[in-house]
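# A predicted structure for the sequence below; I have some questions about it.
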Amino acid sequence: MDALRRRIERPEALGLALVLTALAAYGWLAPPFWVAVTVAIQLALGGFGTVWLVGAAQPRLGYARYATPSVAAVSLTLAGRLLGGLLQLAAVPLVMLLLFGIVWAELQVAAGRTPRLTVDLSLVGIVFAAAAGVAGVFPGLSWPPALVLVLVIAAIPALRAAELRGRYGVEAVGQAGLHLLAVGQIGVALALLPLPGVVGPAVLALGFHAWAGAAEALDSGARPWPVVIEFGSLALLGLVVALLLRGG
């Protein structure tokens, strides 16, 4: 155990991931009231724990990073309720690895070692888990309130994506707002299509990724039309797949 602890750069990160995973596993089995309590504890514990691990706020690194592990834990708590008993048991170590990976990535960013791909994929995964979880936990909820819940959770990944592009403060909030507006429009379109299973959440996450990629390409000086064609084609492909699955 001591050898393992020495190999892990920040063993506290593993401890935080284990606690958030335990809360998520409890939330999979708990009644609705205690799910809400679990979510509140995850938000508080994950937030304070990340502040303790990452350190004082630095404007050049942004502020959404402090909420990313908490929001990831909440999303996985909601999504895990879609699984059955044996699948939930098998998902526990996977959830722990995912949460530890998110915390570790934020530590690397704070240390100046940016695992960009890891962070980007984690943000897309959070949006997907949130959309799938909300749809599964509230199956009878009409689409405007359900979509609002998804967008509330997706606000942190959207803000984090803007910060990773070097946008901070009011500018980051503005870009995150545009990002959420685009995702919300996709969500409205998906709500009007009776798609099976997690196809809708997957397309929504794809749209989130496409918008973030397009914004980053434009920030890097790419010409607008090639960016529109490339990422517009990606979004169109996701829509075509969704329509084909709906027809099937």
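Here it is on my side, so go on.

# Mind listing what's buried along whichever helix in the chain runs longest?
Selection of the longest helix in the chain by residue count, based on DSSP state H, yields helix 85-110. With burial defined by 16 or more other CB atoms under 10 Å, the residues of helix 85-110 counted as buried are 88, 91, 95-96, 98-110. Yep, even glycine has a C-beta here, placed from its N, CA and C like the rest.

# what about it, average pLDDT?
Regarding helix 85-110, the rounded mean pLDDT is 87.

# helices and strands around it, which ones?
Taking 3 or more CB pairs under 8 Å, 6 or more residues apart in numbering; DSSP states H and E as contact, the helices and strands that helix 85-110 lies on are helix 11-29, helix 32-54, helix 68-80, helix 116-137.

# and Val203, what helix or strand is that in?
Using DSSP states H and E, Val203 sits within helix 199-219.

# Could you pull out the buried residues of that helix?
Neighbour-count burial for helix 199-219, with 16+ other CB under 10 Å as criterion, is recorded at 199-217.

# what about that helix, distance to the chain center?
Using CA atoms, centre = their mean, to the nearest Å, the mean C-alpha position of helix 199-219 is found 12 Å from that of the whole chain.

# got it, and stretch 116-133?
Between the mean C-alpha location of stretch 116-133 and the chain-wide mean there is a distance of 4 Å, by CA atoms, centre = their mean.

# circling back to that earlier point, mind giving me the packing neighbours of the helix holding Val203?
Packed against helix 199-219, as judged by 3+ CB pairs under 8 Å, 6+ apart, are the following elements: helix 116-137, helix 143-164, helix 169-191, helix 224-247.

# what about this structure, any weak spots by pLDDT?
Across the chain, residues meeting the criterion (pLDDT under 70) sit at 1-10, 57-60, 113-115, 140-143, 220-248.

# which ones are touching Phe208?
For Phe208, the contact set (CB atoms under 8 Å, 6 or more residues apart in numbering) comprises 123-124, 127, 154, 157-158, 179, 183.

# In the residues you listed, which residue is surrounded by the most others?
Compared across these, Pro157 has the highest neighbour count, 31 neighbours, by other CB atoms under 10 Å.

# quick one: that one from Gly15, how far?
In this view, Pro157 and Gly15 are 24 Å apart by CB to CB, to the nearest Å.

# With Gln108 instead?
Relative to Gly15, Gln108 is positioned 18 Å away (criterion: CB to CB).

# Can you pull up the most central residue in this structure?
Note on the chain: the residue nearest the mean C-alpha position is Ile126, at 1.8 Å, using CA atoms, centre = their mean.

# and that residue, what does it touch?
With contact set as CB under 8 Å, 6+ apart, Ile126 has these partners: 68, 71-72, 75, 153-154, 156-157.

# What of Gln175?
Taking CB under 8 Å, 6+ apart, we find Gln175 in contact with 158, 162, 165, 167, 215.
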